[in-house]
Structure formats: structure tokens, C-alpha cells
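In: Got a predicted structure plus its sequence, pasted below:
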2 protein chains.
Amino acid sequence: MQEGSIFEKVVGEETIYKGVYLNLKKFDIVLPNGNRGIREIVEVRNASAIFAVDEQMNVLMVRQSRPAINKTGLEIPAGLIDENESTEDAVRRECEEETGYQPRTIRKLIRYAHAEGYSTGYITLYLGIGLEYTGKMKLDDSEYVEPVLVPLDKVVQMIRENHITDSKTILGAALCERFIRDGCRDEGLLLV
Amino acid sequence: MQEGSIFEKVVGEETIYKGVYLNLKKFDIVLPNGNRGIREIVEVRNASAIFAVDEQMNVLMVRQSRPAINKTGLEIPAGLIDENESTEDAVRRECEEETGYQPRTIRKLIRYAHAEGYSTGYITLYLGIGLEYTGKMKLDDSEYVEPVLVPLDKVVQMIRENHITDSKTILGAALCERFIRDGCRDEGLLLV
């Protein structure tokens, strides 16, 4: 089969809502078999996230209210990328603003689409090795998070027990757990 | 710190759009520090997905147009859960409808929120071990996908090279790769 042979052709586009955090559009599409359809597309800014650990294998996390899923999340630091900002600069900035910690070294793990069915958004996920405390937290007026260091064992347990449920934290743990336990020394990082 | 102490209180709610695949709402919220804010929330149905392999370590995938991210995705089978349907029934049904294959045995890996910042949606991810061909593909009128079996090595390579970019496929590979390579025999499944 040919790459691209099943592409849905967008033949119309309408903006339904322009908001603070997201825009909503409606696409009219034609499928390869000639059928028509619509796709409702959410435009959001891309984000960076970091799975950062200190020398004692504690994971740097934030507690944050998530009204969309009606819970308080315990997640790795993440934030939206500013215009003209690199994903790497964004993740260093967001990490310090949300937690008061800077990662000593960072390593890019993966860039992924978090809701490819209806959203434009990508998250670029980093591993951070070593933490330095600067105390320079800086939250937006409409943001309220609490930083917390959580032992890696506890993070894994909370994922297993479905208390930690966000994709970036789970993916970070899945990709890095063994690598961190091995002392971040070898090339055993899963997938990357 | 107390669990729940940072919960954002929703003091107003407005429906902005009711659509075919999603609804959009606007929440007025009060932060713990008294600040007001808004949250734009996308309501979507939950989905199931399956990372299924045959005896030759081929991964069952579908090629599918993804206009939201302007690409043709190569992804594991997934679909929305019908009303009153279990996540397990949904994943078996969607797998067969999209590919014509049924997984012999399935095992729940994890349930995760794919966009907790603005979406209500959860994906329940399964591992499928062994495949049986039934040929019973059944696509909706507005759906067009092509099934394909891809060697696990190739899937991992395509993730590394950023050709496969969706969270469910990447997370499935991250959680299952070593387990599958070890013959699905031990309890070495990462995180679960």
C-alpha cells in the first residue's frame, strides 16, 4: 500500500470558538472512498514535560488540580511552550517556575501527539538527571501547583494502582524506570 | 500537605458547543488562593486500544488519516467505547472491526488520561497475545483505515525516528517490548 493513499482531504474549515487555552475548528473532509465526514479539531499550544530525578531516586512532581478529569493530579512538571521558545528552554523554565528546582542535565526522550484523533497538541518529554534547588518558583495568576519529591518506587506503585493517570508521567516512568535504577550509566534507555 | 487541598472550585459552567465527536464547555473556577480563572474543557468519549502481537512478533496496526496533526498515522487499533459497553468488549470489537483480527488473549495494561489539562478522555490500553484472522472488518461510513502487521523491531525503530507519534502506541511499546521479546512468559511486564 502507498503511504498517504488514505489521506482525508480537508475541503472546508470553520472556526467555532477562539478561546484562552484552545480554539475549536470544524473540518469538512472527503474520505478516500468518496464518503464525506466532519472532524472537530481542538487547537492547543504544544507543551514540554520532564521526568526528573535526584541522586536519591526521587522524582520531581507537582500536585495540580485537573477539573477536566475532576481530580487532583500528581504529575511531572510540564507547561506550554512560549512563542519562539525551544522545547528545551520551555522545559527548563517550566520546571523551575513550577517547582523551584532546575534539572542538572536533561535528555530528550520523545515527542508525541497526546490526542491525535482531535487535537493538534504535541508533548516533548525529557529526562532530567540531578536536581538543583533555586527556590525561584513563579506561577501565573491562574495557576496553583505544589511541588513534591516522590520516591521512584512510590511513583511506580501509584501508576500500578491507577492513582497517577496522566500520559506524560506514565510514559516517563515506562521509558526511564530501569535506566534510573541502573544508575543512568548505560545505554539501556528504552526506545530512545 | 493535604490531598485535595489545592482543588480548583468550579463556580460556573457554560456549554459552548455540542458536536458529533466532542462537546466544549467553559468552567469558571476559583483557585485555593482566591484567584479566579477559566478552564476550557473538551468532553469526549473514552476509548480502548490494544497493542497486539502474533507469534512472529508482528504488531497489529492500522494506517489512518489524522487531520488534527496533518499526517497519516500508523497506530495500534483503538476506538470509542459504546454506551454500556465494557472497555474489554470495546477493544475486542474495535480490533476486529478495524483489522479483521481477533486477539487470542488480552491483558489490561493501564488506563490513562490522554489530555488531563483540557479533556475528559481516558484510554484503556490492552496487550493482546496471539492473533486469529476472521476477516470481519466493519468500518463506519466516516471511517477509513488500513490494517497492517509490522514487526516489533520496526515499530520500535519508527518510534525512535519519530514516525510513530501517538501516545497509545508509544506507551504500549514502552510497557510491553521487553515482555514480548522474552516470550510473554514471565512476570516482567513493566509497571503492571
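Out: Good, I have the coordinates.
In: Average pLDDT for the helix or strand where residue A:97 lies, rounded please.
Out: Applying DSSP states H and E as the criterion places residue A:97 in helix A:87-99. Mean pLDDT, helix A:87-99: 97.
In: ok and the helix or strand following it relative to helix A:87-99, angle-wise?
Out: With elements assigned by DSSP H and E, the helix or strand that comes after helix A:87-99 is strand A:101-113. Relative orientation of strand A:101-113 and helix A:87-99, computed by axes from the mean of the first three to the mean of the last three CA atoms, to 10 degrees: 130 degrees.
In: still on that earlier bit, what sits up against the helix holding residue A:97?
Out: Residues from elsewhere that reach helix A:87-99 (CB atoms under 8 Å, 6 or more residues apart in numbering or on different chains): A:46-50, A:52, A:60, A:62, A:77-82, A:85, A:101-103, A:106, A:108, A:111, A:124, A:126, A:128, A:134, A:136-139, A:145, A:147. Backbone N, C-alpha and C define where each C-beta goes, glycine included.
In: Only alpha carbons, please: show it as CSV.
Out: Provided in CSV are the C-alpha atoms of helix A:87-99 (Å, rounded to 0.1, in the frame of the first residue of the first chain):
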residue,chain,number,x,y,z
THR,A,87,11.1,22.8,23.8
GLU,A,88,14.3,22.5,25.8
ASP,A,89,14.2,26.1,27.1
ALA,A,90,10.5,25.7,27.9
VAL,A,91,11.0,22.6,29.9
ARG,A,92,13.8,24.2,31.9
ARG,A,93,11.8,27.3,32.6
GLU,A,94,8.6,25.4,33.5
CYS,A,95,10.4,23.1,35.8
GLU,A,96,11.9,25.9,37.8
GLU,A,97,8.7,28.0,37.8
GLU,A,98,6.5,25.2,39.0
THR,A,99,8.9,23.6,41.5
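In: secondary structure class for residue A:137?
Out: coil (DSSP: H, G, I helix; E, B strand; the rest coil).
In: What sits closest to it if chain neighbours are left out?
Out: residue A:100 (4.5 Å; CB to CB, 6 or more residues apart in numbering or on different chains).
In: Name the spans of chain A whose pLDDT lies under the cut-off.
Out: Along chain A, segments meeting pLDDT under 70 span A:1-5, A:186-192.
In: need the strands for it, in chain order.
Out: A:9-18, A:22-30, A:36-44, A:47-53, A:58-66, A:71-75, A:78-80, A:101-113, A:122-133, A:145-151 (DSSP state E).
In: Show me which residues of the last one are buried.
Out: Going back to what we said before, that points to strand A:145-151. A:145, A:146, A:147, A:150 (16 or more other CB atoms under 10 Å in any protein chain shown).
In: That strand pairs with which strands, and in what direction?
Out: strand A:58-66 (antiparallel) (DSSP bridges).
In: May I have the partner strand as PDB, with CA atoms only?
Out: Written as PDB, here are the backbone C-alpha positions of strand A:58-66 (Å, rounded to 0.1, in the frame of the first residue of the first chain):
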ATOM      1  CA  ASN A  58      13.100  10.800  44.000                       C
ATOM      2  CA  VAL A  59      11.000  12.000  41.100                       C
ATOM      3  CA  LEU A  60      10.200  15.700  41.000                       C
ATOM      4  CA  MET A  61       6.400  16.100  40.700                       C
ATOM      5  CA  VAL A  62       3.700  18.700  41.100                       C
ATOM      6  CA  ARG A  63       0.300  18.300  42.700                       C
ATOM      7  CA  GLN A  64      -2.200  20.200  40.500                       C
ATOM      8  CA  SER A  65      -6.000  20.500  40.200                       C
ATOM      9  CA  ARG A  66      -7.400  18.900  37.000                       C
END
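In: angle of it against strand A:47-53?
Out: 140 degrees.
In: got the contact list for strand A:58-66?
Out: Strand A:58-66 is contacted from outside by A:50-54, A:72-77, A:95, A:98-99, A:101, A:103, A:128, A:131, A:144-152, A:155, A:169, A:173, B:1, B:6-8, B:31, B:113, B:116-117, using CB under 8 Å, 6+ apart.
In: can you do 7 Å?
Out: By CB atoms under 7 Å, 6 or more residues apart in numbering or on different chains, the list of residues contacting strand A:58-66 from outside reads A:51-53, A:72-77, A:98-99, A:101, A:131, A:144-152, A:155, B:6-8, B:116.
In: related to what we said a few turns ago, among the strands of chain A, which is the most enclosed?
Out: The highest mean neighbour count among the strands of chain A, using mean count of other CB atoms under 10 Å in any protein chain shown, belongs to strand A:47-53: a mean of 27.
In: what's that one packed up against?
Out: Strand A:47-53 is packed against strand A:58-66, strand A:78-80, helix A:87-99, strand A:101-113, strand A:122-133, helix A:167-181, with contacts defined by 3 or more CB pairs under 7 Å, 6 or more residues apart in numbering or on different chains; DSSP states H and E.
In: Looking at those, which is nearest to residue A:41?
Out: Residue A:41 lies closest, by CB to CB, to one member of the helices and strands packed on strand A:47-53: strand A:101-113, at 12.4 Å.
In: what's the nearest residue to residue A:35 if we skip its chain neighbours?
Out: In space, not counting the residues next to it along the chain, residue A:35 is nearest to residue B:141; the distance is 5.4 Å by CB to CB, 6+ apart.
In: ok, that neighbour to residue A:27 distance?
Out: Applying CB to CB, to the nearest Å, the value for residue B:141 to residue A:27 is 16 Å.
In: hmm, back to that, wouldn't the residue nearest to residue A:35 be in contact with residue A:34 here?
Out: No. Using CB atoms under 7 Å, residue B:141 and residue A:34 do not qualify as a contacting pair, with a distance of 10.6 Å.
In: now the spatially closest residue to residue A:73 that is not a sequence neighbour, which residues is it bridged with?
Out: Leaving aside its sequence neighbours, residue A:73 sits nearest to residue A:66 (CB to CB, 6+ apart; 4.6 Å). Beta-bridge pairing for residue A:66 (DSSP bridges): residue A:71.
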